[in-house]
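*Asks:* just to be clear, the model below is a prediction. Sequence and coordinates:
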Amino acid sequence: MAQPWDYIAKIVSLGDSGAGKSSLTVRLCEGRFSPHHDVTIGVEFGSRIVPVGPPASLTLGINDPTPNGQSTKQNGPQKHMKLSLWDTAGQETYKSITRSYFRGASGALLVFDITRRQTFLSATSWLNDLRHIAEEGIIIILVGNKSDLATASTVSPSSPADKSDPSRTDEANKRQVTVEEAEAWCRQHEVLRYVETSAKSGEGVERAFLEVAERIYQNIEAGKYDLNDRRSGVKGPGAGGGGKGTVKLNDNHKSKGMMGGCC
């Protein structure tokens with residue numbers, strides 16, 4: 001039986017503790033949300049098979065080179081990529097362990113909590129660690145999680161980020177980081193894109209991972225990875241048992257551990 005994926009890519013999630021990294025992984029892999037999640041120690045693993053390239057990429061409007069995403073041309077059958085997800089610990093105590101898991105990653109989601117400004121301010125430090133350890137050219141997107149707690153794209157006057165008018169309150173909008181501010185940070189630090197998500201509702205979660213997967217696929221098509229070199233974070237056909245794929249399409253898997261190899 002042919003394996004249901006064409007490539008495997010290692011993707012890491014990083015950011016401060018409590019930003020929702022594990023909840024995003026659970027939402028993507030298992031389609032559910034748990035309001036209570038144990039603190040990640042070391043790293044947790046998950047996997048999900050997603051379509052990459054046309055026609056799926058054209059339908060989603062991701063990385064479509066044609067004006068207004070109007071192209072319907074498909075070259076060959078739909079490709080699929082198995083995302084090997086490495087959800088790393090965010091606590092300072094485990095940071096030395098966490099950094100080691102950045103090696104061999106081809107993509108990364110840098111996650112912060114839009115209702116806690118300090119988690120956004122910490123993103124620069126996490127990014128520096130990632131770029132110092134990971135391979136050059138790793139695909140990175142900034143993810144602002146917990147959008148369900150923000151009813152507006154701007155900061156509420158009652159939030160710690162804006163105390164100009166204490167008499168005004170907006171209890172429903174707990175946002176402390178604006179969309180414009182996050183997008184400006186991406187431009188300043190040459191990060192590909194900013195995406196907002198809600199692990200609780202599922203909004204934007206699949207999109208965030210697909211943004212990374214699609215650009216990894218484009219790099220594969222452009223010949224930018226050595227699929228036989230584990231440091232690239234990408235494996236091609238025949239990887240993982242000589243082509244005997246045991247993972248079924250839409251297979252969802254999540255486990256905990258402290259050790260593991262690339263992908």
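*Replies:* Yep, it's here. Numbering: from 1, shown residues only.
*Asks:* so where is the stretch 151-263 of the chain shaky, pLDDT-wise?
*Replies:* 156-171, 238-263 (pLDDT under 70).
*Asks:* ok, 50 please
*Replies:* When residues are selected by pLDDT under 50, those of the stretch 151-263 of the chain lie in 162-169, 241-263.
*Asks:* helices along that one, start to end?
*Replies:* In the stretch 151-263 of the chain, the segments counted as helices under DSSP state H, counting those that start in this stretch are 179-188, 205-221.
*Asks:* for D16, find the nearest of the ones you listed.
*Replies:* For D16, the closest of the helices of the stretch 151-263 of the chain is helix 179-188, at 14.8 Å, according to C-beta to C-beta. The way it works is simple: take the backbone N, C-alpha and C, and place the C-beta from them, glycine included.
*Asks:* can you pull the buried residues of that closest one?
*Replies:* When burial is assessed from 16 or more other C-beta atoms under 10 Å, helix 179-188 yields the following buried residues: 179, 181-182, 185-186.
*Asks:* same question, stretch 26-39
*Replies:* The neighbour-count check on stretch 26-39 (16+ other C-beta under 10 Å) flags 26-29, 33, 37 as buried.
*Asks:* CA atoms of it as PDB?
*Replies:* The C-alpha trace of stretch 26-39 is given here as PDB (Å, rounded to 0.1, in the frame of the first residue of the first chain):
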ATOM      1  CA  VAL A  26      -3.900  19.500  20.000                       C
ATOM      2  CA  ARG A  27      -6.300  21.600  17.900                       C
ATOM      3  CA  LEU A  28      -4.600  20.800  14.700                       C
ATOM      4  CA  CYS A  29      -3.900  17.100  15.400                       C
ATOM      5  CA  GLU A  30      -7.000  16.100  17.300                       C
ATOM      6  CA  GLY A  31      -9.500  18.800  16.500                       C
ATOM      7  CA  ARG A  32     -10.300  19.600  20.100                       C
ATOM      8  CA  PHE A  33      -9.600  22.100  22.800                       C
ATOM      9  CA  SER A  34      -8.800  21.500  26.400                       C
ATOM     10  CA  PRO A  35      -9.000  24.400  28.800                       C
ATOM     11  CA  HIS A  36      -6.500  22.700  31.100                       C
ATOM     12  CA  HIS A  37      -3.200  21.500  29.800                       C
ATOM     13  CA  ASP A  38      -0.100  20.400  31.800                       C
ATOM     14  CA  VAL A  39       3.000  22.400  31.400                       C
END
